[in-house]
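[1] after the sequence you'll find the predicted model.
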Amino acid sequence: MSNYTKFINFGSQINKQVESPFNSANPITYCLFPTLSSQFTHGSTSSNLLYGTYNPSCELFMAERCATNWDSFCNVYVEKNNDDYFPNNGVINRDSYLLAQTYLKNNKPTVGEMLVRNSVNLRFLHFPTLKGEREPFDPNVANSPMITYYRNNNSGVSLIRPIEDVNNNVHIDKMLENQAVCFDVLARLYLGYLRGEKNTENFKDTKLEKLFLENQNLFNNFVRLARQNNLIQYH
């Protein structure tokens, strides 16, 4: 057995302030602004892999972070990252997302808008068959936070998570402010609402139910299309 300490474990002893937004090892300092400053802050080795705010590691990190707690950093990311020519590199359930964007002819969401979709997707839906792998955000940095990568990001079955206080829920608000990019998630919640699935009973008499009732044809047609395309979570 080796007596050497793994780099990631050794790093946890020398870099205990990694969660501070002012610590250069915090992924926030790589991911928040679409500028060249990270190349100066983090050096060429890291910045070549993690260049820009739209690389897979940044998008996955921000989605996990903002799914757990939507805060001012999430708002800044949405506001500042308004480029609309990059793919959704942090997407989970890719086929559903792409089908919804094609269905709505909304093929150019911004990087910031994609964060909203990826965050509410993680917040509201559980994918029991989707297996992720935990890896350091930046393997070149001691104690870099772990993020989850999904090698196969098409989920199959999905279950609706408990959603508290629908009319006063920041993630619901962000989803409703960005309905087009979040449409596949909304459609899954709509289907659960129609079926009376677990964790949808508190949708009644809320702004989410109001949206569903006012757009039944739109949602029904998408669910029908998703079934024709064999997207399991809509069956």
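    Perfect, I can see it now.
[2] contacts, neighbours, all on C-alpha from now
    OK.
[3] what separation is there between the most centrally placed residue in the chain and Arg195?
    Nearest residue to the geometric centre of the chain (Cα atoms, centre = their mean): Asn118, 2.3 Å. Distance, Asn118 to Arg195, using Cα to Cα, to the nearest Å: 24 Å.
[4] strands along the chain, start to end?
    For the chain, the strands defined by DSSP state E occupy 125-126, 133-136, 146-149, 159-160.
[5] where does this structure have low pLDDT?
    1-25, 34-52, 152-155 (pLDDT under 70).
[6] hang on, the earlier thing: how about the strands of the chain in a markdown table, adding mean neighbour count?
    Listed next are the strands of the chain as a markdown table, based on neighbours: other Cα atoms under 10 Å:
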| stretch | mean neighbour count |
| --- | --- |
| strand 125-126 | 16 |
| strand 133-136 | 13 |
| strand 146-149 | 18 |
| strand 159-160 | 18 |
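[7] quick one: which of these is nearest Leu32?
    Evaluated over the strands of the chain, closeness to Leu32 peaks at strand 146-149, with 16.2 Å, by Cα to Cα.
[8] show residues contacting the closest one.
    Residues outside strand 146-149 that contact it (Cα atoms under 8 Å, 6 or more residues apart in numbering): 57, 60-61, 64, 132-137.
[9] try 7 Å
    Residues from elsewhere that reach strand 146-149, judged by Cα atoms under 7 Å, 6 or more residues apart in numbering: 60-61, 132-137.
[10] repeat for stretch 57-77
    Taking Cα under 7 Å, 6+ apart as the rule, stretch 57-77 contacts 31-33, 50, 89-90, 112, 115, 118-120, 122-123, 137, 147.
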